[in-house]
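*Asks:* This is the structure alone, sequence omitted:
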């Protein structure tokens, strides 16, 4: 944790200062007894502490840079909330929010041996150093068209990169974009859960040639059709209204038989529930291998598997 590293760094600096003073005293005694001969290497205990201090200080700088990025994102979020509040004419209640602090929290953590990965909340409510696996899946045969692993704990920033990667793989495979009767290119419907939504993400995906259907929040079961009848005024409200249309409901419901089963098959049927390697490049390769073998199994089952009556 950042707080523990700060205390440990102070302790190591004190140890190093004491060892340097001790080394100077030893040098003076050796010079008096043996002359001016000296070695070039540091004493082992001093070198070990200096190496550890350098590792801790590098980890602290990573946490400080991450805290500044998080603070900037929080400022942007507050500005969007304030703009929405003013648009709706809702008076502010309660105390004004505290200024955004750019300093890391004392409990902020990082990993010395695998600094690329971040600690994330897992489904069992615990915390682990994780990579966030992504997959773009086709609607007909559950073939993974594109995959990646990121270090971000949320998916908001992943919609556009995955759309770009999907198009690149389709082009590489010689799969043409769909067209209408006049030959004009049609947008490909794409569904995303609420973790992917932001106005910028939806716009970027649409510019890539997709028709995004993104949930903007948790959908309530058996919600009244009368809800949200007012004309949508913001991009978020327009997206929510789009998903609530009969076409949007039908398309979004298909997620339950397109992408969600793929992760279930990989985790439960094949038993792949954690990465075994360290380093972002290594776990990306591991995830690519898992997705390739998933596709091979699908191709075999749809093409070569024995058909039984």
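*Replies:* That came in fine, so what should we check first? All of these numbers come straight from a predicted model, not from anything done at the bench.
*Asks:* And the strands in the protein?
*Replies:* With strands called from DSSP state E, the chain shows them at 118-121, 127-130, 132-137, 144-150, 188-192, 210-214.
*Asks:* Can you check the pLDDT for residue 299?
*Replies:* With respect to pLDDT, residue 299 scores 90.
*Asks:* scratch that, residue 229
*Replies:* For residue 229, the pLDDT comes out at 57.
*Asks:* Repeat that for the one 10 residues further on.
*Replies:* Residue 239 carries a pLDDT score of 90 in this model.
*Asks:* That one against residue 214, yeah?
*Replies:* Yes - Residue 239 lies in contact with residue 214 (Cβ atoms under 8 Å); the separation is 5.7 Å. Where you see a C-beta, it was placed from the backbone N, CA and C, and this is true even at glycine.
*Asks:* what touches both of these two?
*Replies:* 197, 202 (Cβ atoms under 8 Å, 6 or more residues apart in numbering).
*Asks:* how's the chain carved up into domains?
*Replies:* For the chain, the TED database gives the domain ranges 2-35+45-88, 125-219+229-304.
*Asks:* possible to save the ones you listed as TSV with mean neighbour count?
*Replies:* TSV is the format used below for the domains of the chain (neighbours: other Cβ atoms under 10 Å):
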stretch	mean neighbour count
domain 2-35+45-88	13
domain 125-219+229-304	15
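*Asks:* Surely residue 295 is in contact with residue 143?
*Replies:* Yes - using Cβ under 8 Å, residue 295 is in contact with residue 143, at 5.5 Å.
*Asks:* now the stretch 151-300 of the chain, which segments are flagged as low pLDDT?
*Replies:* Applying pLDDT under 70 to the stretch 151-300 of the chain flags residues 218-230.
*Asks:* Which residues are in contact with the closest residue in space to residue 177 that isn't next to it in sequence?
*Replies:* In space, and not counting its chain neighbours, residue 177 is closest to residue 185: 5.1 Å by Cβ to Cβ, 6 or more residues apart in numbering. With contact taken as Cβ under 8 Å, 6+ apart, residue 185 is in contact with 177-179, 209.
*Asks:* beta partners of residue 185?
*Replies:* Applying DSSP bridges to residue 185 gives these bridge partners: residue 179.
*Asks:* From residue 167, how far off is it?
*Replies:* Distance of residue 185 to residue 167, given as Cβ to Cβ, to the nearest Å: 12 Å.
*Asks:* Residue 24 too?
*Replies:* 65 Å.
*Asks:* circling back to that earlier point, make CSV from the strands of the chain and add distance to residue 260 to it.
*Replies:* Shown next, in CSV, are the strands of the chain (distance: least, Cβ to Cβ, whole Å):
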stretch, distance to residue 260
strand 118-121, 20
strand 127-130, 19
strand 132-137, 9
strand 144-150, 13
strand 188-192, 10
strand 210-214, 15
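*Asks:* right, and those strands - which one's nearest residue 277?
*Replies:* Nearest of those to residue 277, taken as Cβ to Cβ: strand 144-150 at 10.8 Å.
*Asks:* Among the contacts of residue 185, find me the one that's closest to residue 279.
*Replies:* Of all the contacts of residue 185, residue 209 has the smallest distance to residue 279: 33.3 Å, by Cβ to Cβ.
*Asks:* still on that earlier bit, between the strands of the chain, which gets nearest to residue 264?
*Replies:* Using Cβ to Cβ, the nearest of the strands of the chain to residue 264 is strand 132-137, at 11.9 Å.
*Asks:* which residues are in contact with that closest one?
*Replies:* 120, 143-153, 155, 158, 162-163, 165-166, 258-259, 262-263, 287, 291.
*Asks:* Paired strands for that strand, with orientation please.
*Replies:* With DSSP bridges as the test, strand 132-137 is paired with strand 144-150 (antiparallel).
*Asks:* distance between the strand it pairs with and the chain's centre?
*Replies:* Computed by Cα atoms, centre = their mean, to the nearest Å, the separation of strand 144-150 from the middle of its chain amounts to 13 Å.
*Asks:* Repeat that for stretch 188-203.
*Replies:* Its chain's average C-alpha position is 15 Å from that of stretch 188-203, according to Cα atoms, centre = their mean.
*Asks:* can you check stretch 290-299 too?
*Replies:* When distances are taken as Cα atoms, centre = their mean, stretch 290-299 is centred 24 Å away from the chain's centroid.
*Asks:* Next up, the contacts around the residue nearest to residue 210 when sequence neighbours are not counted.
*Replies:* If the residues on either side of it in the chain are set aside, residue 210 comes closest to residue 190, at 4.3 Å by Cβ to Cβ, 6+ apart. Contact analysis of residue 190 by Cβ under 8 Å, 6+ apart lists 163, 205, 210-213.
*Asks:* May I have the beta-bridge partners of residue 190?
*Replies:* Taking DSSP bridges as the rule, residue 190 bridges to residue 212.
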